[in-house]
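# Starting from these lines, generate the structure:
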Amino acid sequence: MKLFTLIPSLLYLISVTFAASPSVDKFERYQSISRLAPLQLDDSSYDDLIAKPRDYYAAIILTAMEARFGCALCRDFQPEFDLIARSWNKGNKPDDLKLLFGTLDFTNGKNTFQKLMLQTAPVLLVFPPTVGPYARVDDSPLRFDFSGPISADQVYAWISRHLPDGPKPPLVRPINYVRIISGLTILMGAVTLFTVLSPYVLPIVRNRNLWAAFSLIAILLFTSGHMFNHIRKVPYVVGDGKGGISYFAGGFSNQFGMETQVIAAIYAVLSFSAIALAMKVPRIADNKSQQVAVVIWGVVLLGTYSFLLSVFRVKNGGYPFFLPPF
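Here you go, the predicted model:
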């Protein structure tokens with residue numbers, strides 16, 4: 001009697017064991033041949049890989065690599081997908097978290113493309129497990145469509161979001177020795193070039209007059225509103241409504257392109273006048289020539305500053321200051 005009561009339990013255990021073992025053996029078989037790169041699939045191996053029951057995830061990218069299809073994105077992303085598969089297979093991960101990577105090209109999987117009604121490539125499909133601790137009620141594949149150039153980091157982050165919570169292998173890019181050697185070569189060449197040219201370049205770099213000229217030009221550009229023109233895209237000049245041209249915009253928050261150049265020229269004349277009076281005129285040995293230079297530069301300074309104040313009055317009619325002759 002006891003033997004007959006144990007027979008159903010024994011039959012159930014045997015059926016479960018034989019039902020689960022093909023999935024386990026299939027995962028180990030595929031994993032053993034995909035250590036360094038994704039599985040290269042065709043129609044039959046694709047159907048076998050996603051067949052139920054499965055206790056593993058399967059990330060499969062469908063591509064069209066041949067040049068006649070003109071899928072540059074497929075060829076560009078394939079090394080990135082290989083990097084994802086290699087990083088996952090070599091990294092540390094939970095023993096019960098199983099994930100296989102595969103590539104199905106159109107030349108080897110025409111029936112699959114027709115079955116899925118795919119008109120574009122590449123397309124990434126992630127199939128969840130149907131049995132085991134991570135099995136899902138909805139076992140339909142998750143789809144990632146490529147709208148443009150995508151990096152391995154973006155796709156790996158998307159895959160990780162749809163995997164169970166827990167530690168996952170990091171995405172590790174191989175060391176680019178060519179870039180390192182090229183960088184060192186360029187650096188050594190730059191150091192050598194600087195060593196050879198330093199006797200000729202350093203005197204120019206250390207020239208105070210040159211730095212003063214660059215500084216003065218930069219100050220004139222920025223104080224006259226050059227950056228404002230680039231940011232606001234202001235017009236160069238506008239009509240005044242009477243058949244003429246307005247060079248200055250009313251209000252302190254508006255300006256024209258021509259106005260910026262005029263203001264920069266005014267500031268430049270004022271700067272050179274002050275520099276001449278402070279540095280050049282005192283070095284003139286002849287007293288009469290010195291007096292004439294003082295008068296000339298003083299008149300230039302007075303007239304230019306007077307014109308600047310008149311521009312301020314144009315910008316804002318309520319500006320209370322002015323200076324003859326303007």
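# nearest residue to residue 81 other than its sequence neighbours?
Leaving aside its sequence neighbours, residue 81 sits nearest to residue 61 (C-beta to C-beta, 6 or more residues apart in numbering; 5.4 Å). Placement of C-beta: from N, CA and C, glycine included.
# how about that neighbour, what does it touch?
38, 77, 81, 102-104, 122-125 (C-beta atoms under 8 Å, 6 or more residues apart in numbering).
# Show me the residues you listed that map onto helices.
Among these, the ones falling in helices (DSSP state H) are 77, 81.
# any chance of the contacts of residue 61 in a markdown table, plus neighbour count, distance to residue 292 and pLDDT?
Converted to a markdown table, the contacts of residue 61 look like this (neighbours: other C-beta atoms under 10 Å; distance: C-beta to C-beta, whole Å; pLDDT from 0 to 100):
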| residue | neighbour count | distance to residue 292 | pLDDT |
| --- | --- | --- | --- |
| 38 | 22 | 87 | 92 |
| 77 | 22 | 77 | 93 |
| 81 | 24 | 82 | 93 |
| 102 | 23 | 91 | 94 |
| 103 | 23 | 87 | 94 |
| 104 | 25 | 91 | 95 |
| 122 | 24 | 81 | 92 |
| 123 | 20 | 85 | 93 |
| 124 | 22 | 84 | 94 |
| 125 | 20 | 89 | 95 |
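# is it fair to say the residue nearest to residue 81 lies in a helix?
No - under DSSP: H, G, I helix; E, B strand; the rest coil, residue 61 sits outside any helix and is assigned strand.
# roughly how far apart are it and residue 218?
Distance of residue 61 to residue 218, given as C-beta to C-beta, to the nearest Å: 53 Å.
# Check residue 318 too.
Using C-beta to C-beta, we find residue 318 at a distance of 32 Å from residue 218.
# likewise residue 66?
From residue 66 to residue 218 the distance is 56 Å (C-beta to C-beta).
# And residue 211, by the same measure?
For residue 211, the distance to residue 218 - C-beta to C-beta - is 11 Å.
# Over to residue 169?
Relative to residue 218, and taking C-beta to C-beta, residue 169 is found at 51 Å.
# So for these two, which sits in the more crowded spot?
Higher neighbour count among residue 169 and residue 218: residue 169, with 17 against 11, using other C-beta atoms under 10 Å.
# Without its sequence neighbours, what residue ends up closest to that one?
Leaving aside its chain neighbours, residue 169 sits nearest to residue 91 (2.2 Å; criterion: C-beta to C-beta, 6+ apart).
# So that neighbour sits against residue 160, correct?
No - between residue 91 and residue 160 there is no contact under C-beta atoms under 8 Å: 11.7 Å.
# Poorly predicted segments of the stretch 151-300 of the chain, please.
Within the stretch 151-300 of the chain, no range satisfies pLDDT under 70.
# Now do the strands in it.
238-239, 245-246 (DSSP state E, counting those that start in this stretch).
# And for the stretch 1-150 of the chain?
Here the stretch 1-150 of the chain has its strands, by DSSP E, counting those that start in this stretch, at 39-41, 57-63, 99-105, 123-127, 142-145.
# Now tabulate those strands in CSV and tack on distance to residue 231.
Below are the strands of the stretch 1-150 of the chain laid out as CSV (distance: least, C-beta to C-beta, whole Å):
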stretch, distance to residue 231
strand 39-41, 54
strand 57-63, 44
strand 99-105, 48
strand 123-127, 42
strand 142-145, 38
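# Of all the ones you listed, which one comes closest to residue 114?
strand 57-63 (11.7 Å; C-beta to C-beta).
# Distance from the chain centre to that closest one, please.
27 Å (C-alpha atoms, centre = their mean, to the nearest Å).
# Repeat that for stretch 30-45.
Counting by C-alpha atoms, centre = their mean, stretch 30-45 comes out at 33 Å from the chain centroid.
# now what about it, what contacts it?
49, 60-61, 81-82, 85-86, 89, 98, 100-105, 108-112.
# Can you turn the buried part of these into a ChimeraX selection?
Selection of buried members from those for ChimeraX, criterion 16 or more other C-beta atoms under 10 Å:
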select :49,60,61,81,82,85,86,89,98,100,101,102,103,104,105,108,109,112
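# and the gap between residue 53 and residue 132?
9 Å.
# thinking again about what came up before, which neighbours do residue 91 and residue 160 share?
residue 168.
# Residue 42: how many residues sit nearby?
16.
# Roughly how far does it sit from residue 288?
Going from residue 42 to residue 288 by C-beta to C-beta gives 102 Å.
# now residue 215
As judged by C-beta to C-beta, residue 215 and residue 288 stand 34 Å apart.
# Also residue 75?
Residue 75 is 83 Å from residue 288, by C-beta to C-beta.
# Settle it for me: which of these two has more neighbours?
The residue with more neighbours, out of residue 75 and residue 288, is residue 75; 15 against 8, by other C-beta under 10 Å.
# ok, the closest residue to the more buried one other than its chain neighbours to residue 264 distance?
Closest residue in space to residue 75, ignoring its immediate chain neighbours: residue 65 at 6.1 Å, by C-beta to C-beta, 6+ apart. Residue 65 sits 58 Å away from residue 264, going by C-beta to C-beta.
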